[in-house]
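S.K.: Have a look; sequence and predicted model below, questions after that.
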Amino acid sequence: MKVKDLTLEEFKNSIMDYEANPKEWKYKGERPAIIDFYAVWCGPCKATAPILDSLATEYDGIVDFYKVDVDKQEELAAMFGIRSIPSLLFIPKDGQPQMQVGAMGRADLENAIKTILLK
C-alpha cells in the first residue's frame with residue numbers, strides 16, 4: 001500500500017465520523033493507522049515522507065498509512081489542533097489515538113508502530 005492522501009470526507013468515511021460521534025472516538029478502520037499531517041513546503045515533512053512510504057510497503061495489510069496536507073485540509077488539521085508539522089497520529093484498532101509532534105526517524109517510527117499500534 002502507498003501512503004494515501006486523506007480528505008475531510010474520506011476521513012469521515014474511513015477513519016471516524018465526528019459528526020455522528022462528536023464526543024466519542026469511534027474508529028471505523030479495519031487496521032491500525034498512521035496519519036501524517038504535513039505541508040509540501042515543510043523540510044522535516046519531506047524527510048519523514050520517504051520513511052513513511054517505506055513503512056507503508058513493509059506493513060502493507062497490517063497498518064494503513066494516510067497523509068493530510070494541512071494547507072488543503074484546514075478543517076481536518078484544526079480538528080486535531082495541528083500547530084506544528086509534521087504531526088503523526090497513531091490510531092490503534094482499539095483505544096484512543098496518540099499524537100506525536102515532530103519528525104521521527106525510522107527506528108522511532110517502527111518502535112511506535114510496535115508499541116502503540118500492534119501491542
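M.R.: Right, received. Where do you want to start?

S.K.: Check what contacts the longest helix along the chain and list those residues.
M.R.: For the chain, the helix that runs over the most residues, judged by DSSP state H, is helix 43-58. Counting by CB atoms under 8 Å, 6 or more residues apart in numbering, helix 43-58 makes contact with 1-3, 34, 36, 38-39, 63, 65, 67, 85-86, 88, 102-106, 109-110, 113, all of which sit outside it. In short, each C-beta sits where N, CA and C put it, glycine included.

S.K.: Same check on stretch 4-19?
M.R.: Under the criterion CB under 8 Å, 6+ apart, external residues in contact with stretch 4-19 comprise 25-29, 33, 35, 64-69, 73, 75-76, 79, 91.

S.K.: rerun at 10 Å
M.R.: 20, 24-30, 33, 35-37, 56, 64-69, 72-77, 79, 89, 91, 97 (CB atoms under 10 Å, 6 or more residues apart in numbering).

S.K.: Now a PyMOL select for only the buried ones of those residues.
M.R.: Applying 16 or more other CB atoms under 10 Å to those leaves a buried subset, and the PyMOL line that selects it is:
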select buried, resi 27+33+35+36+37+56+64+65+66+67+68+69+73+76+77+89+91+97
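
S.K.: can you give me the helices for this structure?
M.R.: 8-14, 43-58, 74-79, 106-112.

S.K.: what's near enough to touch the residue nearest in space to the middle of the chain?
M.R.: Residue closest to the average C-alpha location in the chain (CA atoms, centre = their mean): residue 35, at 0.9 Å. Contact analysis of residue 35 by CB under 10 Å, 6+ apart lists 3-4, 6, 11, 15, 64-68, 76, 80, 87-91, 97, 99.
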